[in-house]
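*Asks:* Using only what follows, build the 3D model:
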Amino acid sequence: MPEGLKVFVWAVCIIALIYVIWFLFGLVSIRSFVRNMKKKLKAAAVLFAGKRDFLLSLYAYCEKAGASFQEDDAEKATKARWTKLDLKKAEDVERVQGELSVLEKRLNRYLNENENLKQGQEYLSLKESLDDLNSNYRLIVATYDNDLVGYDYWRKHFLFRWLFFLCGYRERKRLS
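*Replies:* Residues are numbered from 1 along each chain as shown. Model prediction:
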């Protein structure tokens, strides 16, 4: 075999080896990002369960204080009580966040109309816990979206885009 052909074959083999190693590094990275995003979705489900419980406790507090809610408000509380918290995708998080947010806004509107309900110690502890859950949710959203940036970087890498597409790594939505 001529010397020039040997050099060419070695160069092609080395480039192919570098490509495979770089692809494997990208595959490990993308799988790590997917694993982290799944953990964030599970954490969001736990936070939503806590938020739902605190909102229902706040609803019961208002009822105990003699609040007269409209039928629509009671329906929102019942809907929140039976909300499924099985979060697999960003769309699920968006749906649950929307349902709980509607109830929270209605309760806050009612509480703003009745300032005397805001004076109780029970209300203050519930409000503090809800604020804490909301800040933790924002932290989860920020870290999920950060992991999504890394996931998209590898998923859209021009050398591996088609391989990752064949492996089933598709576009995902942001939580925010």
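
*Asks:* Can you give me the buried ones in the helix or strand of the chain with the lowest mean pLDDT?
*Replies:* Within the chain, no helix or strand scores below helix 71-81, which has a mean of 78 by mean pLDDT, DSSP states H and E. Using 16 or more other Cβ atoms under 10 Å as the test for burial, helix 71-81 gives 73, 76-77, 80. All C-beta atoms are positioned from the backbone trio N, CA, C, and that covers glycine.

*Asks:* ranges for the strands of the protein?
*Replies:* For the chain, no strands are identified by DSSP state E.

*Asks:* helices and strands around the helix of greatest length in it, which ones?
*Replies:* When the chain is parsed with DSSP state H, its longest helix is helix 3-64. Under the contact criterion of 3 or more Cβ pairs under 8 Å, 6 or more residues apart in numbering; DSSP states H and E, helix 3-64 touches helix 71-81, helix 90-113, helix 121-155, helix 161-166.

*Asks:* mean confidence for it?
*Replies:* The pLDDT scores in helix 3-64 average 93.

*Asks:* cool, stretch 124-136 as well?
*Replies:* pLDDT averaged over stretch 124-136 gives 92.

*Asks:* Stretch 103-120 now?
*Replies:* Mean predicted confidence for stretch 103-120 is 83.

*Asks:* If you count neighbours, what's buried in it?
*Replies:* Judged by neighbour count using 16+ other Cβ under 10 Å, the buried positions of stretch 103-120 are 103-104, 106-107, 110-111, 117.

*Asks:* Residue 23: which of those is nearest?
*Replies:* residue 104 (45.7 Å; Cβ to Cβ).

*Asks:* Let me see the contact set for the closest one.
*Replies:* By Cβ atoms under 8 Å, 6 or more residues apart in numbering, the contact set of residue 104 is 51, 55, 130.

*Asks:* Find the nearest non-adjacent residue to the second one, please.
*Replies:* Setting aside the residues directly before and after it, residue 55 is nearest to residue 103 in space (Cβ to Cβ, 6 or more residues apart in numbering), at 5.3 Å.

*Asks:* Could you check how far the one you found is from residue 141?
*Replies:* 19 Å (Cβ to Cβ, to the nearest Å).

*Asks:* picking up where we left off before, with respect to residue 158, which of the contacts of residue 104 is nearest?
*Replies:* Nearest to residue 158 among the contacts of residue 104, with distances taken as Cβ to Cβ, is residue 51, at 41.3 Å.

*Asks:* Just give the closest residue to the closest one, not the sequence neighbours.
*Replies:* Distances taken as Cβ to Cβ, 6+ apart place residue 133 nearest to residue 51, at 4.8 Å, with adjacent residues excluded.
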